[in-house]
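# Pasting a predicted model and its sequence here:
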Amino acid sequence: MVMGPTHAMSGAALWLAGSAVAASVFNIDQTAAELAVGTVACAGAALYPDIDCAGKVTENKGGSTVARSFGVASLMVAEVVERLCYWFYLITKSKKDKKRKNGHRTFTHTALHAGIMGVGAGLLGAYVGKYAVIAILFILTGLAVRGLMGETVRKHGWLVTTGVSLAMAYGMFHLLDANRSYWILGLAMGIGCFIHILGDIITKMGSPLFFPLPIKRRNWFDIGGGSGIPAGGKVENRILLPALTVMTVLGMAYFLPEVQWLLFDRGNA
């Protein structure tokens, strides 16, 4: 699979790029708090689909970046999700679909799942509001931190992700307006999940993006894979991740007041 930092950075870069286009072309502006929420949420959601990769929970070994974000607690959740995905795969697979020993890269790696998560988070943000945003953001912040600060988290454990998540939730509690609708959280969640799938598609394994649509008589036909880039290899570490990092930094710089003034207001002064 594409490594955690690449997934997280792709989510952050895409959200910032999309926000820049929305602001400059469609005049859809976000407050600084909303932009931060969307960026962190999209970065975390870009790791979330790997919650179906549990590793060995009882030994606290293995598992995806996401599964290890909150220590044994998230590993247990990943174990449940992986088993549910595996059983769902067994129930819905066709005769042409390959045999599997686990549920990794099944339902959570589909466009259908990304849509469900996006709509669900959007409805919670719209009708429950601020408190739903804080709860969802607590989890997604932990995932984003686990992906972006992998080396630090490996040294200091799940306390880092939990501490940063609590700090983010506390900050959003004071910054977010309780009387607003936060449907945009669903957009960040859906986009993040989808960009994760696209990231996996360019690797040598692929993902069943279009499930349940049958392709070549398979319900779980993997899109991509084959001659894709090797995960954690030179292309990812030396080209893809640095490029996404630069895009993210440029995206953050774009929204600085000084940059906005130089780009748009200076000519009118």
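Structure's in. What do you need?

# As CSV, could you dump the C-alpha coordinates of stretch 95-102?
C-alpha atoms of stretch 95-102 as CSV (Å, rounded to 0.1, in the frame of the first residue of the first chain):
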residue,chain,number,x,y,z
LYS,A,95,-17.2,-17.1,-8.6
LYS,A,96,-14.6,-15.2,-10.6
ASP,A,97,-13.4,-13.1,-7.6
LYS,A,98,-10.1,-14.2,-6.0
LYS,A,99,-9.8,-16.0,-2.7
ARG,A,100,-8.9,-13.9,0.3
LYS,A,101,-7.6,-14.6,3.8
ASN,A,102,-8.6,-11.2,5.2
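
# ok, Gly120 touching Gly186?
Yes. Using C-beta atoms under 8 Å, Gly120 is in contact with Gly186, at 7.2 Å. In short, each C-beta sits where N, CA and C put it, glycine included.

# quick one, which of the two is more surrounded?
Applying other C-beta atoms under 10 Å to Gly120 and Gly186 shows that Gly186 carries more neighbours, namely 22 against 14.

# my guess is that one contacts Gly118, does it?
Yes. Contact criterion C-beta under 8 Å: Gly186 and Gly118 qualify, at 4.8 Å.

# and the residue positioned nearest the centre of the chain, what is it in contact with?
Nearest to the mean C-alpha position of the chain, counting by C-alpha atoms, centre = their mean, stands Ala46 at 1.6 Å. Neighbouring residues of Ala46 by C-beta atoms under 8 Å, 6 or more residues apart in numbering: His7, Ala8, Ser10, Gly11, Ala12, Leu14, Gly147, Gly192, Cys193, Ile195, His196, Gly199.

# Could you turn the buried ones of these into a PyMOL selection?
Selection of buried members from the contacts of Ala46 for PyMOL, criterion 16 or more other C-beta atoms under 10 Å:
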select buried, resi 7+8+10+11+12+14+147+192+193+195+196+199
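
# Among the contacts of Ala46, show me the least confident.
pLDDT across these is lowest for Gly147, at 78.

# tell me which element it falls in.
Here Gly147, judged by DSSP states H and E, is contained in helix 130-148.

# Put the alpha carbons of the very next helix or strand once past that helix into PDB.
Downstream of helix 130-148, the next assigned helix or strand under DSSP H and E is helix 150-156. Provided in PDB are the C-alpha atoms of helix 150-156 (Å, rounded to 0.1, in the frame of the first residue of the first chain):
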ATOM      1  CA  GLY A 150       5.100   8.600  11.800                       C
ATOM      2  CA  GLU A 151       8.600   8.600  13.200                       C
ATOM      3  CA  THR A 152       7.700  10.700  16.200                       C
ATOM      4  CA  VAL A 153       4.700   8.500  17.000                       C
ATOM      5  CA  ARG A 154       6.700   5.300  16.600                       C
ATOM      6  CA  LYS A 155       9.100   6.600  19.300                       C
ATOM      7  CA  HIS A 156       6.600   8.000  21.800                       C
END
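
# Give me the residues contacting helix 150-156.
If you take C-beta under 8 Å, 6+ apart as the criterion, helix 150-156 is touched by Gly4, Pro5, Thr65, Val145, Arg146, Val160, Thr161.

# Tell me which entries of those lie within helices.
Gly4, Pro5, Val145, Arg146, Val160, Thr161 (DSSP state H).

# pretty sure the second one contacts Ala144?
No. Using C-beta under 8 Å, Pro5 and Ala144 do not qualify as a contacting pair, with a distance of 10.3 Å.

# quick revisit: may I see the contacts of helix 150-156 organised as JSON lines, with distance to Leu213, pLDDT and neighbour count added?
Below are the contacts of helix 150-156 laid out as JSON lines (distance: C-beta to C-beta, whole Å; pLDDT from 0 to 100; neighbours: other C-beta atoms under 10 Å):
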{"residue": "Gly4", "distance to Leu213": "29", "pLDDT": "72", "neighbour count": "24"}
{"residue": "Pro5", "distance to Leu213": "32", "pLDDT": "79", "neighbour count": "21"}
{"residue": "Thr65", "distance to Leu213": "29", "pLDDT": "78", "neighbour count": "21"}
{"residue": "Val145", "distance to Leu213": "35", "pLDDT": "86", "neighbour count": "24"}
{"residue": "Arg146", "distance to Leu213": "32", "pLDDT": "83", "neighbour count": "30"}
{"residue": "Val160", "distance to Leu213": "41", "pLDDT": "85", "neighbour count": "18"}
{"residue": "Thr161", "distance to Leu213": "36", "pLDDT": "88", "neighbour count": "26"}
